[in-house]
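Colleague: Need a 3D model of the following:
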Amino acid sequence: MQAPRCILKELESLGKALYGAKLIAQRFQVRSCSHHKDPVGGSECLLSMIADGNPHHFFIATQDQELSHKVKKKAGVPLLFIIQNTMVLDKPSPKSLVFVQKLQTNQLVPDHQKQSIVQLKEKEGLAKQEGEKRRKRKRAGGPNPLSCLKKKKKTTQEGQEPSAAKKKRRKRKRNRVKAEDMQLVQKNEGE
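Modeller: Model prediction:
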């Protein structure tokens, strides 16, 4: 993180009210700006640093609404602000989105390179041909149908189902506390 000299000078001039902010700003690396001899306001300095399309890829962190509106008018400048002790990166401005779309269509791959890519694909046999069908990928199916079957009931040797009376079932044993014992425990806790 970097803070321009103009911001440090502005924080010094504001005095004790922003002494804590000045200490925090001094911990960061000091960025030299074009107006180091005659400092200007902090917001003016930040706007001058991103004036030529943000060549140094700066992020602007501010709570100033006026400055944030001016930054949103510039393309390619990320904006940070704080909401309830949480740093938030603002969504790209409409100007930035339009700039990126223009960049993708025009400058990402020039026309002569697009033509050479098509020629190379045809040469290697990677170009899409109208007569060929694409193979369908196998997709994960449902569960195994054999695992979904109901379990068969076991039959005894005579061909009859075992009766429920013959099976042993375990009974759950509960420890019951008598009402008299509960009263004794409550009296002991009260003392």
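
Colleague: Which pLDDT value belongs to Gly42?
Modeller: On pLDDT, Gly42 comes in at 83.

Colleague: was I right about it contacting Cys6?
Modeller: Yes - contact criterion CB atoms under 8 Å: Gly42 and Cys6 qualify, at 5.9 Å. C-beta: built from backbone N, CA, C; applies to glycine.

Colleague: The two: which has the busier surroundings?
Modeller: A count of neighbours by other CB atoms under 10 Å puts Cys6 above the other of Gly42 and Cys6, at 24 against 20.

Colleague: Could you pull up the contacting residues of the closest residue to the more buried one other than its chain neighbours?
Modeller: Leaving aside its sequence neighbours, Cys6 sits nearest to Cys45 (CB to CB, 6 or more residues apart in numbering; 3.7 Å). Residues in contact with Cys45 (CB atoms under 8 Å, 6 or more residues apart in numbering) are Pro4, Cys6, Ile7, Cys33, His35, Pro39.

Colleague: In this structure the first one contacts Cys33, no?
Modeller: Yes - A contact is recorded between Pro4 and Cys33 when judged using CB under 8 Å, the distance being 4.5 Å.

Colleague: before we move on, the earlier item: return the helix or strand the residue nearest to Cys6 falls within as CSV; C-alpha atoms alone will do.
Modeller: Per DSSP states H and E: Cys45 is located in helix 42-49. The C-alpha trace of helix 42-49 is given here as CSV (Å, rounded to 0.1, in the frame of the first residue of the first chain):
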residue,chain,number,x,y,z
GLY,A,42,-5.6,14.4,-1.2
SER,A,43,-8.5,13.7,-3.6
GLU,A,44,-7.0,15.9,-6.3
CYS,A,45,-3.7,14.1,-6.0
LEU,A,46,-5.3,10.6,-6.2
LEU,A,47,-7.3,11.7,-9.3
SER,A,48,-4.1,13.0,-11.0
MET,A,49,-2.3,9.7,-10.3
